[in-house]
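*Asks:* what's the 3D shape of this:
(chains A, B, C and D)
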There are 2 protein chains.
Amino acid sequence: MSNTPITLKLLAEKLKMSVSTVSKALNNYPTINEHTKKHVQDMARELHYMPNKSAINLKEKKSRVIGVILPNLLDHFFTRSIYGIEQFATQNGYHIIIRQTNDELEEEIQSADMLLKSRVDGLIVAISKNTQDFSHFNQFESLGIPIVYYTRNPSFNLNCHKVLGNTFKGCYEATDLLIKRGHRKIAYLGGPKMISFTHDRFNGYINALKDNNIPFDANLVAYTDFDKENTIAAIQKLFADGNQAPTALVAFKELILFDAIKYLRSIDHPQVKQIECIGFGNNSFISYLDLPPIASLEENPESVGENAISLLLKLIDKEISIKNYQKVMVDCKLVVH
Amino acid sequence: MSNTPITLKLLAEKLKMSVSTVSKALNNYPTINEHTKKHVQDMARELHYMPNKSAINLKEKKSRVIGVILPNLLDHFFTRSIYGIEQFATQNGYHIIIRQTNDELEEEIQSADMLLKSRVDGLIVAISKNTQDFSHFNQFESLGIPIVYYTRNPSFNLNCHKVLGNTFKGCYEATDLLIKRGHRKIAYLGGPKMISFTHDRFNGYINALKDNNIPFDANLVAYTDFDKENTIAAIQKLFADGNQAPTALVAFKELILFDAIKYLRSIDHPQVKQIECIGFGNNSFISYLDLPPIASLEENPESVGENAISLLLKLIDKEISIKNYQKVMVDCKLVVH
DNA sequence: TTGTATGCGTTATCAC
DNA sequence: GTGATAACGCATACAA
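*Replies:* Numbering: from 1, shown residues only, chains lettered A, B, ... in the order given. Take a look at the predicted model:
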């Protein structure tokens, strides 16, 4: 029933002080007497005073809203990353607006436009699989609104802030494990070439082969994206030559492996039960699969998200200069099932 | 570079009008001349004028923030429902704060507290599996902050606004389909008894049996929650008597079926490949399973979420009186795989 | 039909 | 150390 929220003015009246003194006391101004400070703060706690965010934002000319652009919330990686972002944002008095692009550049552009109009204080972006042109993000930079790119990194080294998984290391360890288990024909199933899915992971794969003196075979490499047809085409390519067919697979995403195995079973591939797989994801559904990957690369999406927003808030607060481009790497973990 | 956002004042200066006229023109006040209106609106569009949300919220004494309390974002149902909520909220100028309770009452209470302090304009809640006492939500009601309960409904008929899936109908159709496929011993695997998981679904099951003249057998009913151990215990109970073991399963959640099948395989149950299952969920991972459910009950979570926030906004805007308790049902759809 | 003045809750710049 | 006052951007009661 006491439905008038308590304001500074009310607090001041109760305390028989001026609004400005109360404000300063609550904000720990050095010029305020310690005794008054305590008095004010006690009363504020007692009356459950909560500052009005809208008033502060108006005063500070901030929206306290962060925009997050990502391809898809049905991908567990992004859902989990949102969890990390949301937690950290809330703790720091920010809200987030999530926009899904369905991995389409066109929708990414629209999302950027919408978020610009929403006056976001900063942007966290996982680019779409075909984002090559970044001009739709220029307007943010020119307004001094910082952007942190996360998970997905433009292949060409754009000058930007980024938070990425250490997929090189992850892919190296996965490949190494498969080699240690006796595999020699290990295929690599890479993702969309435009983004970081490719380079770091591929290099990890290559380096593990090299360090174990296994010659690289270009026939054991294929690329796909998130479309099942492309994955099947890639698998067909890898298994085209029955004699040279791989005995193990490393994939840029675990989901791809599920499709791969499903396809190999559908064509009754004789070796399907022997093939060992590892991919990025560590999906909890693995435990229900008949032929599960032998290990997973846990990407710690919550941590990636948290690092992204943590960096973004530092940029917003100008603790880090917007031109001082940062690159943060988050480790993957090889989980053997 | 033009980093001073355009305000009403600037607009008024350019137009050589007063701020209030401009404001009224943009808000389509009837007292404003049509010609001036058009003039103002054209100029606003041209200069990309966007009203400052913080100022409006301050003026209107609203936070334009909706709190959403739910058990878990890793459950696809909730992720998808958030999608519906988020879309609708954004379109109407609201933001959402999501709090996960991990299905724990204690965390639910903390979340409610936190959201109250955030001055949310309304609340959307999916209660935890052991929420029986609702006193932590009383403070909202007494401040006139509306609450819509969704998906999970307190068993006892609390006077409240709710948006629920029509699980009765869904369960009826699922059971009916299994009967039509020749099953007579159909087990029902129910969820936590405190919430709506139980009653409506169970009644759907019972009614389908009755309408098909199949006697009800209490041995074919078991209850579990989201813990695997409890699910296994429930399955053990159902399959304790080899001769009377069910040949089909209806479950309150599809995920439960995955655990059930996994367990039955682990004990080499002779009939495991013949058992036909249906549950609520329609998870996309089904296509990777060796022994998938024969059908799924698609709950349309996006629609449930959208209905919840749509109702909530009407309550906030007082289009519906807060005491005029609403109940909205969203249909399920039986999807045969 | 348009303009003037006031206030929403807070912080900051002065003056006392 | 403390208090009056202006300002943030917008909406509206009231005056013209």
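*Asks:* quick check: closest non-adjacent residue to A:Asn92.
*Replies:* Leaving aside its sequence neighbours, A:Asn92 sits nearest to A:Leu313 (Cβ to Cβ, 6 or more residues apart in numbering or on different chains; 5.9 Å). (Glycine included, C-beta is placed from N, CA and C.)
*Asks:* with A:Cys332 instead?
*Replies:* Closest residue in space to A:Cys332, ignoring its immediate chain neighbours: A:Gly170 at 3.4 Å, by Cβ to Cβ, 6+ apart.
*Asks:* now A:Gln274: closest residue in space that isn't a chain neighbour?
*Replies:* On the basis of Cβ to Cβ, 6+ apart, the spatially nearest residue to A:Gln274 that is not a chain neighbour turns out to be A:Thr247, at 6.5 Å.
*Asks:* quick check: that neighbour vs DNA strand C, distance?
*Replies:* The gap separating A:Thr247 from DNA strand C is 64 Å, by Cβ to the nearest atom of the strand, to the nearest Å.
*Asks:* show me the contacts for the residue nearest to A:Asn92.
*Replies:* A:Phe88, A:Asn92, A:Tyr94, A:Gly122 (Cβ atoms under 8 Å, 6 or more residues apart in numbering or on different chains).
*Asks:* if we only consider those residues, which is nearest to B:Pro293?
*Replies:* Among the contacts of A:Leu313, A:Phe88 lies closest to B:Pro293 (Cβ to Cβ), at 37.9 Å.
*Asks:* element containing that closest one, please.
*Replies:* In this structure, A:Phe88 sits in helix A:76-91 according to DSSP states H and E.
*Asks:* contact partners of that helix?
*Replies:* With Cβ under 8 Å, 6+ apart, helix A:76-91 has contacts from A:66, A:68, A:70-73, A:95-96, A:98, A:124, A:126, A:150-151, A:281, A:283-284, A:299, A:301-306, A:308-310, A:313, B:73-74, B:79, B:97-98, B:100.
*Asks:* please repeat the previous calculation with a cut-off of 6 Å.
*Replies:* Contact with helix A:76-91 is made by A:66, A:70, A:73, A:96, A:301-302, A:304-306, A:309, B:73, B:79, B:98, as judged by Cβ atoms under 6 Å, 6 or more residues apart in numbering or on different chains.
*Asks:* kindly reformat the contacts of A:Leu313 as a markdown table containing neighbour count, distance to B:Ile186 and pLDDT.
*Replies:* A markdown table is the format used below for the contacts of A:Leu313 (neighbours: other Cβ atoms under 10 Å in any protein chain shown; distance: Cβ to Cβ, whole Å; pLDDT from 0 to 100):
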| residue | neighbour count | distance to B:Ile186 | pLDDT |
| --- | --- | --- | --- |
| A:Phe88 | 21 | 47 | 94 |
| A:Asn92 | 14 | 52 | 92 |
| A:Tyr94 | 22 | 50 | 92 |
| A:Gly122 | 22 | 54 | 97 |
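*Asks:* confirm that A:Leu164 sits in a strand.
*Replies:* Yes. The assignment for A:Leu164 (DSSP: H, G, I helix; E, B strand; the rest coil) places it in a strand.
*Asks:* give me the pLDDT value at the residue lying closest to it once chain neighbours are set aside.
*Replies:* Closest residue in space to A:Leu164, ignoring its immediate chain neighbours: A:Asn153 at 5.4 Å, by Cβ to Cβ, 6+ apart. As predicted, A:Asn153 sits at a pLDDT of 81.
*Asks:* with A:Met43 instead?
*Replies:* Per-residue confidence (pLDDT) for A:Met43: 95.
*Asks:* what comes up buried for stretch A:258-275?
*Replies:* Applying a neighbour-count criterion of 16 or more other Cβ atoms under 10 Å in any protein chain shown, one finds A:Phe258, A:Asp259, A:Ala260, A:Ile261, A:Lys262, A:Tyr263, A:Leu264, A:His269, A:Val272, A:Ile275 buried in stretch A:258-275.
*Asks:* shouldn't the fifth one be within a strand?
*Replies:* Same thing as A:Lys262. No. Judged by three-state DSSP, A:Lys262 forms no part of a strand; its state is helix.
*Asks:* that one: what's it in contact with?
*Replies:* Neighbouring residues of A:Lys262 by Cβ under 6 Å, 6+ apart: B:Tyr288.
*Asks:* circling back: need the contacts of A:Leu313 in TSV (columns: distance to DNA strand D).
*Replies:* Below are the contacts of A:Leu313 laid out as TSV (distance: Cβ to the nearest atom of the strand, whole Å):
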residue	distance to DNA strand D
A:Phe88	27
A:Asn92	21
A:Tyr94	19
A:Gly122	19
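*Asks:* so what's the residue count around the residue nearest to A:Leu164?
*Replies:* By other Cβ atoms under 10 Å in any protein chain shown, 24 other residues sit near A:Asn153.
*Asks:* now intersect the contacts of helix A:76-91 with the helices, please.
*Replies:* Among those, the members found in helices (DSSP state H) are A:Pro301, A:Glu302, A:Val304, A:Gly305, A:Glu306, A:Ile309, B:Thr79.
*Asks:* any idea how far the closest residue to the third one other than its chain neighbours is from chain B?
*Replies:* In space, A:Val304 comes closest to A:Val330 once its chain neighbours are excluded; the distance is 4.9 Å by Cβ to Cβ, 6+ apart. Distance, A:Val330 to chain B, by Cβ to the nearest Cβ, to the nearest Å: 20 Å.
*Asks:* same deal with A:Ser303?
*Replies:* Distance of A:Ser303 to chain B, computed by Cβ to the nearest Cβ: 16 Å.
*Asks:* per-residue confidence at that residue?
*Replies:* 98.
*Asks:* ditto for A:Gly242
*Replies:* We note a pLDDT of 79 for A:Gly242 in this prediction.
*Asks:* check the one 5 residues further on too.
*Replies:* In the predicted model, A:Thr247 carries a pLDDT score of 96.
*Asks:* and the strands in chain A?
*Replies:* In chain A, the strands defined using DSSP state E lie at A:65-70, A:95-100, A:122-125, A:147-150, A:161-165, A:186-190, A:221-223, A:248-251, A:276-280, A:295-298, A:327-330, A:333-336.
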